[in-house]
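Novice: predicted coordinates and the sequence they were generated for:
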Amino acid sequence: MKNNYEAEIKACLEKYETILREQIARAERMEQDAGAVDYSKKDKIIIGLIGGDGIGPIIMESAKKVLELLLKEKIASGKVELRVIEGLTLENRIAKGQSVPDDVLAAIKACDVILKGPTTTPKGGTDAPDMESANVTLRRELDLYANVRPVSVPEKGIDWTFFRENTEGEYVLGSRGVEIKDKLACDFKVTTNAGTERIARAAFEFAKNNGKDNVAIVTKANIMKKTDGKFSRIANQIAAEYPDITSEEWYIDIMAANLVNENIRTKFKVFLLPNLYGDIITDEAAQIQGGVGTGGSSNVGDRYAMFEAIHGSAPRMIAEGIGHYANPQSVIKAAEMLLRHVCLISEADILAAALEKTTGKDAKVRIDECKGATCAEYTEYLLAELANNI
Ligand code: IPM
Ligand code: MG
């Protein structure tokens, strides 16, 4: 007898109903949010350090040494604590059957801010269980709604800051799609009013406070009518509150082309995008800056913030035995962003200057795709530069 899929359709509809109710509750929680923590008023700041998978522990060791040196006095006086958090490894996550095991999540929530190495996400479409990316879980659990990624190439006039929405879009239900076996699969994309308003406001406030005169709103609202349509409409409403800033609307495909078009790209300053487009285009932008190993990334919410390298865990480097050549610059750039976020501005400035000196054209030690310095050698070079300036 021909299967008319009634039972499967019914099961999918029930799942969809649960999802809709959960997402409405999430939107309502966002509407009640209380506003951001002021780190300058805290007596003590706890910085959690998470190694992650693949090259993560190698580059995080480097970042830890940098922070220990920069914050030596503040650690000694108890103003800052560096707290290593174990257990966010693929092996432990698989063993516990949780993308972020409960005890690890509790340890993370006891910190103020986190510096995290990359974590591996098992890909879908295989026999492995559909485990959510640890990043996505953490962004959701800590409500880290703004993924801020700066990219700068001064000699080419590039000074970009990407504000990627970080808690919804294609990601929020990415592991909870439905499937009619051997027929079709269907994922969900969610855009809420409150979620769009807060990321749009963050982007425009940043532009206003940092003298940036252009914000590009990037969607594919010609195709994704409901979700990107909403994102575009709300972003434009917020833009109208900032008459001194030029806001432009672009589609993601042509924006991907614009970034490699030298005649146009320098006019862009701040980009405001839904989650997946922001994911894709920030890798492109980091590559223009010198590779995904060079871009820092912050995930910021009102209560917590998490800083990380823009790239993944590079399991291929580990498999090929060249993990010691991993480039720590991206995660160290993230450490600089972390220091700035918790108002340790002079330490952030010292680190920024040392990073510029040790990565710029006069750098004496270079990381260069397995031909140049190792991660440890570069770290020694950076630490020596820092020690001269503290
Ligand atoms: C990023 C990464 C993550 C993402 C992965 C690791 C889940 O690519 O931070 O850009 O897709 O957001
Ligand atoms: Mg990415």
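Specialist: It's in. Residues are numbered from 1 along each chain as shown. Ligands and ions are numbered 1, 2, ... in the order given.

Novice: T282 and ligand 1, how far apart?
Specialist: 6 Å (CB to the nearest ligand atom, to the nearest Å). In short, each C-beta sits where N, CA and C put it, glycine included.

Novice: i'd like the first residue to be 168 from this point on
Specialist: Sure thing, new numbering starts at 168, so read that last one as T449.

Novice: just give the number of residues close to that residue.
Specialist: Residues within reach of T449, counting by other CB atoms under 10 Å, total 24.

Novice: same thing with K246?
Specialist: Neighbours of K246 (other CB under 10 Å): 14.

Novice: try G490
Specialist: 20.

Novice: what's the closest non-adjacent residue to E552?
Specialist: Nearest residue to E552 in three dimensions, chain neighbours excluded: A521, at 4.4 Å (CB to CB, 6 or more residues apart in numbering).

Novice: count of residues packed around the closest residue to ligand 1 within the stretch 268-417 of the chain?
Specialist: Proximity of the stretch 268-417 of the chain to ligand 1 (CB to the nearest ligand atom) peaks at S300, 3.8 Å away. Counted with other CB under 10 Å, residues neighbouring S300 total 17.

Novice: pLDDT score assigned to the closest residue to it other than its chain neighbours?
Specialist: Using CB to CB, 6+ apart and skipping residues adjacent in sequence, the residue nearest S300 is T288, 3.9 Å away. Note for T288: predicted pLDDT of 87.

Novice: same check, this time on K169
Specialist: 63.

Novice: N360 too?
Specialist: At N360, pLDDT is 98.

Novice: ok, now which ones touch it?
Specialist: 194, 397, 401 (CB atoms under 8 Å, 6 or more residues apart in numbering).

Novice: now rank those residues by neighbours and give me the top one.
Specialist: Counting by other CB under 10 Å, top hit in the contacts of N360: I401 with 21 neighbours.

Novice: surely that residue and E364 touch.
Specialist: Yes - at 5.8 Å, I401 counts as touching E364 under the criterion of CB atoms under 8 Å.

Novice: for stretch 445-458, which positions count as buried?
Specialist: By neighbour count on 16 or more other CB atoms under 10 Å, the buried set for stretch 445-458 is 445-446, 448-450, 452-456, 458.

Novice: same question, stretch 185-195
Specialist: Quick answer for stretch 185-195 (16+ other CB under 10 Å): 186, 190, 193.

Novice: equivalent analysis for stretch 470-478, please.
Specialist: Of the residues in stretch 470-478, those buried (16+ other CB under 10 Å) are 471-478.

Novice: okay, and for the protein, where does confidence drop off?
Specialist: 168-169 (pLDDT under 70).

Novice: so which bits of it are right by ligand 1?
Specialist: Selection of the chain residues close to ligand 1 by CB under 6 Å from any ligand atom yields 288, 300, 302-303, 446, 479.

Novice: could you work out the most separated pair of the residues you listed?
Specialist: Greatest spacing in those, by CB to CB: V303 and G479 (13.3 Å).

Novice: circling back to that earlier point, return the member of the residues of the chain next to ligand 1 nearest to G336.
Specialist: Closest to G336, out of all of those and judged by CB to CB, is D446, at 9.2 Å.

Novice: taking the stretch 318-467 of the chain, what residue is nearest to ligand 1?
Specialist: For the stretch 318-467 of the chain, CB to the nearest ligand atom, closest residue to ligand 1: D446, 4.5 Å.

Novice: residue contacts, that residue?
Specialist: Applying CB under 8 Å, 6+ apart, we find D446 in contact with R331.

Novice: does it lie in a helix or a strand, and which?
Specialist: helix 442-456 (DSSP states H and E).

Novice: now for the helix or strand just after that helix, which elements pack on it?
Specialist: Using DSSP H and E, the helix or strand that directly follows helix 442-456 along the chain is strand 463-467. For strand 463-467, the packing partners by 3 or more CB pairs under 8 Å, 6 or more residues apart in numbering; DSSP states H and E come out as strand 313-320, strand 472-476, helix 496-508.

Novice: what angle do strand 463-467 and strand 313-320 make?
Specialist: 160 degrees (axes from the mean of the first three to the mean of the last three CA atoms, to 10 degrees).

Novice: could I get the CA-only coordinates of strand 463-467 as PDB?
Specialist: Output in PDB follows, covering the C-alpha atoms of strand 463-467 (Å, rounded to 0.1, in the frame of the first residue of the first chain):
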ATOM      1  CA  GLY A 463      39.100  38.000  16.400                       C
ATOM      2  CA  SER A 464      35.500  37.400  17.400                       C
ATOM      3  CA  SER A 465      33.400  38.400  20.300                       C
ATOM      4  CA  ASN A 466      30.000  37.100  21.300                       C
ATOM      5  CA  VAL A 467      28.400  39.600  23.500                       C
END
